[in-house]
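Undergrad: After the sequence you'll find the predicted model.
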Amino acid sequence: MSKIVVVGSIAMDLVTITEQVPETGETVFGKAFSMVPGGKGANQAVAIGRLAPKQVSMIGAVGQDAFGKSILDNFTAQGVLVDEVGTVPETTGVAQITLFENDNRIIVIPGANKTVLTDTWMSEWDIIKASQLVVLQNEIPHESNMAIAKYCQENGIKVLYNPGPARETDFQMLPFVDFITPNEHESRMLLPHLSLEEALAKYPNKLIVTLGAEGVIFHNGQSIERVPAIKAEVVDTTGAGDTFNGAFGFAITSGLSVKEAIKFATIASHLSVQKFGAQGGMPTLEAIKEHEQYEKTWYFE
């Protein structure tokens, strides 16, 4: 059995690189186009698979199309177990990504991801129950996330919840998860009546807010701490947050503290933005160990 289970979205990313974003009614020329596997859930599973092959299982759905088969083959190549990835009579999810001025703009078409529902689950619950950590995001139905989080709490399984893209129902998840990793915008939507400092103090070692180039901020139970980002020559930021979440989850299940897990995940996301594609730059454990900021005291089997 795998020690981490990711339940979430699976998609094919349709990526356009452009030096100009069109205004309404305008047509412009782009520089390049490519199709690469993506989806927040799939990205986080691959990020873990790169670090720990065959120690992560993916639960989700793809469509009966060429994208679905290609994505399943990619999972296997990246060390992700796919016994619980279903093929349904829908289109595979698609993310339309525009890369412009070292940043990304994304439109998600859910497709098969809408069918990730827990009503008929049987073996899926067995895999979750045998795991150490379940990773969730917001590109599958909220009802599924709630059912999974409640089940994990009842069975003593930790949950890492990445509330992206933000939904009004995100607050309902807070009592049932162990770690929640919004970016700054998502954290404001999650806790609109609290300042960032107040929110962090209310959820110590649980609310972990990613701030892009400003690093990551959290409350350690006594004070607020910031783990700085590492400067990089940015090629593509797509998937950097997913790399962070996958690496953080892997580090937590390997016994690192919250702060040390954040530092480890910061190195992973730093390396990821230096290559093209959401999954293309996700590092192996060996690559992270070669980084100058890798702590020699960290131990991974």
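TA: Done, it's in. Residues are numbered from 1 along each chain as shown.
Undergrad: And the helices in the stretch 51-200 of the chain?
TA: With helices called from DSSP state H, counting those that start in this stretch, the stretch 51-200 of the chain shows them at 66-77, 123-129, 142-154, 184-190, 196-202.
Undergrad: Switch those helices over to JSON lines; also include distance to Gln96 and mean neighbour count.
TA: Yep, even glycine has a C-beta here, placed from its N, CA and C like the rest. Shown next, in JSON lines, are these (distance: least, Cβ to Cβ, whole Å; neighbours: other Cβ atoms under 10 Å):
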{"stretch": "helix 66-77", "distance to Gln96": "13", "mean neighbour count": "17"}
{"stretch": "helix 123-129", "distance to Gln96": "29", "mean neighbour count": "16"}
{"stretch": "helix 142-154", "distance to Gln96": "23", "mean neighbour count": "18"}
{"stretch": "helix 184-190", "distance to Gln96": "20", "mean neighbour count": "18"}
{"stretch": "helix 196-202", "distance to Gln96": "31", "mean neighbour count": "16"}
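Undergrad: export the ones you listed to CSV and tack on mean pLDDT and distance to Tyr294?
TA: Shown next, in CSV, are the helices of the stretch 51-200 of the chain (pLDDT from 0 to 100; distance: least, Cβ to Cβ, whole Å):
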stretch, mean pLDDT, distance to Tyr294
helix 66-77, 95, 25
helix 123-129, 96, 31
helix 142-154, 98, 30
helix 184-190, 94, 27
helix 196-202, 97, 26
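Undergrad: Kindly reformat the ones you listed as a markdown table containing distance to Gly8.
TA: Shown next, in a markdown table, are the helices of the stretch 51-200 of the chain (distance: least, Cβ to Cβ, whole Å):
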| stretch | distance to Gly8 |
| --- | --- |
| helix 66-77 | 13 |
| helix 123-129 | 13 |
| helix 142-154 | 9 |
| helix 184-190 | 16 |
| helix 196-202 | 24 |
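Undergrad: Out of these, flag the one nearest Gly249.
TA: Gly249 sits nearest to helix 142-154 of all these, at 13.1 Å, using Cβ to Cβ.
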